[in-house]
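Q: Here is the input, now give the coordinates:
(chains A, B, C and D, ligands or ions: 2)
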Amino acid sequence: MTSAEFASLYQQIILDHARSGEGHGDPAGFEPQSHQINPTCGDEITLGVRLDDDRIAEVRWEGHGCTISQASASLLTGIVTGSTTEHARAVIDEFRAVMRSRGQLELDEARFGDAVALNGVSRYVSRVKCAMLAWTALEHALAQSEV
Amino acid sequence: MTSAEFASLYQQIILDHARSGEGHGDPAGFEPQSHQINPTCGDEITLGVRLDDDRIAEVRWEGHGCTISQASASLLTGIVTGSTTEHARAVIDEFRAVMRSRGQLELDEARFGDAVALNGVSRYVSRVKCAMLAWTALEHALAQSEV
Amino acid sequence: MVTATTSLSTADVAAIRADFPVLAERVNGQPLVYLDSAATAQKPLQVLDAERDFLLHRNAAVHRGAHTLAGEATEEFEDARAVVSAFIGADADEIVWTSNATEAINLVAYGLSNALTSSRYGRLAVRPGDEIVITERDHHANIIPWQQLAQRTGATLRYLPVDDDGTLRMELLDQLVTERTRVLAFSHVSNVTGTASPVAELVARARQVGALVVLDACQAVPQLPFNVRELDVDFAAFSGHKLYGPTGVGVLYGRRELLEALPPFLTGGSMITTVTMDAAEFLPPPQRFEAGTEPISQAVGLAAAVRYLQRIGMDRVAAHGRELTERLAGGLAAIDGVRVIGAGERVGLASFDVAEVHAHDVGQFLDDRGIAVRVGHHCAQPLHRRLGLAASVRASVAVHTTHDEVDQLLVAVADASEFFRGSR
Amino acid sequence: MVTATTSLSTADVAAIRADFPVLAERVNGQPLVYLDSAATAQKPLQVLDAERDFLLHRNAAVHRGAHTLAGEATEEFEDARAVVSAFIGADADEIVWTSNATEAINLVAYGLSNALTSSRYGRLAVRPGDEIVITERDHHANIIPWQQLAQRTGATLRYLPVDDDGTLRMELLDQLVTERTRVLAFSHVSNVTGTASPVAELVARARQVGALVVLDACQAVPQLPFNVRELDVDFAAFSGHKLYGPTGVGVLYGRRELLEALPPFLTGGSMITTVTMDAAEFLPPPQRFEAGTEPISQAVGLAAAVRYLQRIGMDRVAAHGRELTERLAGGLAAIDGVRVIGAGERVGLASFDVAEVHAHDVGQFLDDRGIAVRVGHHCAQPLHRRLGLAASVRASVAVHTTHDEVDQLLVAVADASEFFRGSR
Ligand SMILES: Cc1ncc(COP(=O)(O)O)c(C=O)c1O
Ligand SMILES: Cc1ncc(COP(=O)(O)O)c(C=O)c1O
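A: Ligands and ions are numbered 1, 2, ... in the order given. Next up, the predicted model:
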């Protein structure tokens, strides 16, 4: 009863990640932190990072949002935990480029793993912000630690 | 080289009145007075009345404006001088009704005399304000004397 | 004696639908079911044609030119004002064209602070110690302009709270609206609950204390016979684009003596009598409030939309809306896990929450079936927060909506709930 | 090396005219000669078609909805922003949609006083003792908003005077624009004289003293290649309807860091992040300045107008305009009793006075021959007063204007002079 596009947007892996929520929890004490809002729907995330030199030792976030935004936060956590902040920034840029490509670009499986399940989002302009929410929060958090 | 409509708007009698300007002169000392502006073109008139009980003994006006507005002031002066203020008010109302009628109504020759030459104006929406300028000034002046 | 108003028949609606060609198109392979008219309405061909015809044959600057086209354009533009003002029971010089309802409300709010610095228009000035009262269920367009007015003037902003189902707590009215209240602003029909405010009671209290009544009529005018004299409000605002007309045009109604007492807001050409380098003298309303070149063809388009509704008859439009909204709200309430927001009769729309499923996900599921609804906070964050929600789903009906479309929505919502909750 | 730009050939103009069907119509039995584009331009079919196509197939509320139509509408709307901003050399997030140029200038003027009551946006606030400088030949839209700003804030308004032919008295610039000057606002091309201001000199002086430059670009953008970075202005305003686009839409360009520092003007939906009953947090520019439902289809129409001009090429548009305006101004000056206002090269228009004949009468005479010109003070009373005139006649050219049309005007003006002066 649902179309192929819908099925590709809401793949099982997305539904699973939205439920399991890797990194989900109170980020109190995590520094740097960032709070982001999606102004259209009021969805929010507070995401904190524990750094170990230039490495992201741990990511913790909480908030509320749709399946896409929750799954995206969970997938992000898996991807960047343990990586250098420099790598994380590159990954965020790449993710944004793909999301904004209106279906023209695809995420690289080597770098994004399961998160390639988010590829379908880029065809839904109004959902790009949902997928970007956690990534923008991480970007802002890391920007604070730069100084 | 000009159309019949144009010729009816700019009849010789209008051109003559615009030049002769019955009542034209400095209204200093005339009370009541009113100053009116046509905001589109900046045309102005200051019109004063000398009353003799409830009769309009004399009308005096000055200002600058197009042929239609100048001729209209001149024709107005001829019509209302010597009449009662009540009659003048009725004549103003009638004149306005005709001017705003978009060519549907005509001025009554018995009451308006030569001013029937202004009939053509009502077909030119943007010129109605020109023709009305002096009449509005007289209306405002008379309204002041009512109190 | 009240006679039951006939609604629109199936044949009527079918004929109306032919005026909205987009309704015959497909979205995601499914016929479009447009249930988002409360956000913006689709425009009938009559509106598109009127605007195009104007632009093809009579386009010119209005109130400024002396040439033939300018005269014709001015006439048609002012005819539009006459049509739209008559539609709401106002005189032609009591409506001001704005760009939308938001700007209309801002015009009043800025006018009340501009009155402070203008000796000629001091009467309406809002000052420190004065109070402005709004409601907790207002649209942001009827909240933030008043917050800003309070900030500019030192006045205090208060609000009438709602109870757990979004109903105004009228028992608090007398205590909130007092002699200090200068403005009482509220929406006629809530764009979230779809329920109407008790306008008569609110107006009566405002009259007792001498407060101005500003009515946000955005959701009422497209759905109900609407008359500013019967409602006895001081100002009313609505948008063209929700009334089957173009974007870029809105309407502020103002009672004549109040528009006369209000200082200008936007300033520039076409609203003055005399300008020197030091000062300007302003025209009477409505021109005083219409600075610069107007939304000319948009006003013409809006008048065509109003004529379109008048041909159908607002009584029948309202009856049709009532039927559909009852079916909609009743049907939603009957779906397991669905909470319909608000209580009482709804006008043209219903918003709801599906337990454990985010509004965005529901919306996406519906979109996959060609059903367009609105998801989010609908520019009413305070109300959503009060109701314990971040976002909701809103379905709204229009003259072209069929019973069958409502039923399609109901089935799809049940399926969406099943899909997302089943997968948990 | 400067290569001479080719202008439009007779064949080019003939092809362009086919896009403007009104030009084939008759007025008072004569073919329409539309020389009033500086008031409002006629719109090519490409613009009407783009707007209608959007409304028929993709109409929806933008930035709000999650359904397919809303997504498509948002994309097209934001594409329009990209097209129009690129056209003036700005980034997409540096232009704000307004309802017209007048509102764009008001937005800046109100922003500068709103900054006073907003702790977060205090940097740009205009205060007592500050000065605002405009020019004596500005349009009311670039005079009255600044008078009002001065009135709201206690700042002082000064102006750069013109000499007897309407030229800015640049020798007074340094003395008028000082360390106290916060804003220097002026028109790029005068809508009365048609002459351009020495923008580079004015901007240089503003930079020396740290004043903001606000450019009224209404008459420049339709006639000249226009680039905000090359001009190095802080803000620029223009209207869609003079650029062959719809009414109801205008553009404010603002340098990114200034838009970021400017507090909101109109407030309401779609410009916030968080709203409580007490306070609101605002989105970054341009959304912060776009409250409520945008002029959506109008922005789409304006983008189509810009694409239309880009296909012709602004260099050629400018060359064509230059040719015609030279012929126009030269021809008028050669008519006995005609005084052409202003001195120097004119851009797109010329205004004139016929000795002893009122502008309204000249306009009516021309209209009788199907020639549409503007008569009056053209929203520039101070300049007219300075030049000893109450009103003047203005003829303006467009991409569709022919040399022959200019010649028809010249003959008709000579005949009008003869008709009215002969009768004296
Ligand atoms: C130089 C100039 N500035 C401002 C304006 C105002 O434009 P609008 O009426 O479209 O706001 C105009 C046109 O009327 C103009 O020519
Ligand atoms: C109740 C209500 N008020 C105000 C508005 C604002 O209307 P607009 O965005 O057209 O200014 C809306 C619609 O968004 C509304 O539903």
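Q: So the residue lying closest to C:Gly248 once chain neighbours are set aside, which state does it fall into?
A: Nearest residue to C:Gly248, sequence neighbours excluded (C-beta to C-beta, 6 or more residues apart in numbering or on different chains): D:Gly248, at 3.0 Å. No exception for glycine: its C-beta is placed from N, CA and C like everyone else's. Using DSSP: H, G, I helix; E, B strand; the rest coil, the structure places D:Gly248 in coil.
Q: Pull up the gap between D:Gly248 and chain A, please.
A: Note on D:Gly248: its distance to chain A, by C-beta to the nearest C-beta, to the nearest Å, is 24 Å.
Q: pLDDT score for residue 31?
A: Going with chain A. Listed pLDDT for A:Glu31 reads 93.
Q: ah, no, chain C please
A: At C:Pro31, pLDDT is 97.
Q: Can you pull out the low-pLDDT segments for chain A?
A: Residues of chain A meeting the criterion pLDDT under 70: A:1, A:147.
Q: remind me, longest helix of it?
A: In chain A, taking DSSP state H as the definition, the longest helix is helix A:125-146.
Q: helices and strands around that one, which ones?
A: strand A:33-38, strand A:43-52, strand A:55-64, helix A:67-80, helix A:85-99, helix C:359-368, helix D:68-87 (3 or more C-beta pairs under 8 Å, 6 or more residues apart in numbering or on different chains; DSSP states H and E).
Q: Quick one: mean pLDDT over the helix or strand following the longest one.
A: By that I understand helix D:68-87. Downstream of helix D:68-87, the next assigned helix or strand under DSSP states H and E is strand D:95-98. Regarding strand D:95-98, the rounded mean pLDDT is 98.
Q: Can you confirm whether strand D:95-98 lies near ligand 2?
A: No. With C-beta under 6 Å from any ligand atom as the criterion, ligand 2 is not reached by strand D:95-98; the gap is at least 13.0 Å.
Q: Within its sheet, name the partner strands of that strand and how each one runs.
A: Counting by DSSP bridges, the strands paired with strand D:95-98 are strand D:250-254 (antiparallel).
Q: now the strand it pairs with, how far from the chain's geometric center?
A: 11 Å (C-alpha atoms, centre = their mean, to the nearest Å).
Q: How about residues contacting that strand?
A: With C-beta atoms under 8 Å, 6 or more residues apart in numbering or on different chains as the test, strand D:250-254 has contacts from D:84-85, D:88, D:90, D:94-104, D:107-108, D:228, D:233-240, D:262, D:285, D:289, D:302.
Q: now the strands for the stretch 201-350 of chain C?
A: Here the stretch 201-350 of chain C has its strands, by DSSP state E, counting those that start in this stretch, at C:212-216, C:235-239, C:250-254, C:272-275, C:280-282, C:338-340, C:349-354.
Q: For chain C, which residues are neighbours of chain B?
A: C:63-67, C:70-71, C:74-75, C:270, C:272-274, C:283 (C-beta under 8 Å from any C-beta of the partner chain).
Q: What's the ChimeraX syntax to select whichever of those are buried?
A: In ChimeraX, this line selects whichever of those come out buried by 16 or more other C-beta atoms under 10 Å in any protein chain shown:
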select /C:63,64,65,66,67,70,71,74,270,272,273,283
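Q: For the residues of chain C next to chain B, give me JSON lines that also has distance to D:Ile134 and pLDDT.
A: Output for the residues of chain C next to chain B, formatted as JSON lines (distance: C-beta to C-beta, whole Å; pLDDT from 0 to 100):
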{"residue": "C:His63", "distance to D:Ile134": "24", "pLDDT": "84"}
{"residue": "C:Arg64", "distance to D:Ile134": "22", "pLDDT": "73"}
{"residue": "C:Gly65", "distance to D:Ile134": "26", "pLDDT": "72"}
{"residue": "C:Ala66", "distance to D:Ile134": "28", "pLDDT": "80"}
{"residue": "C:His67", "distance to D:Ile134": "30", "pLDDT": "93"}
{"residue": "C:Ala70", "distance to D:Ile134": "28", "pLDDT": "94"}
{"residue": "C:Gly71", "distance to D:Ile134": "33", "pLDDT": "92"}
{"residue": "C:Thr74", "distance to D:Ile134": "29", "pLDDT": "93"}
{"residue": "C:Glu75", "distance to D:Ile134": "35", "pLDDT": "92"}
{"residue": "C:Ser270", "distance to D:Ile134": "19", "pLDDT": "91"}
{"residue": "C:Ile272", "distance to D:Ile134": "16", "pLDDT": "92"}
{"residue": "C:Thr273", "distance to D:Ile134": "20", "pLDDT": "90"}
{"residue": "C:Thr274", "distance to D:Ile134": "17", "pLDDT": "91"}
{"residue": "C:Leu283", "distance to D:Ile134": "22", "pLDDT": "94"}
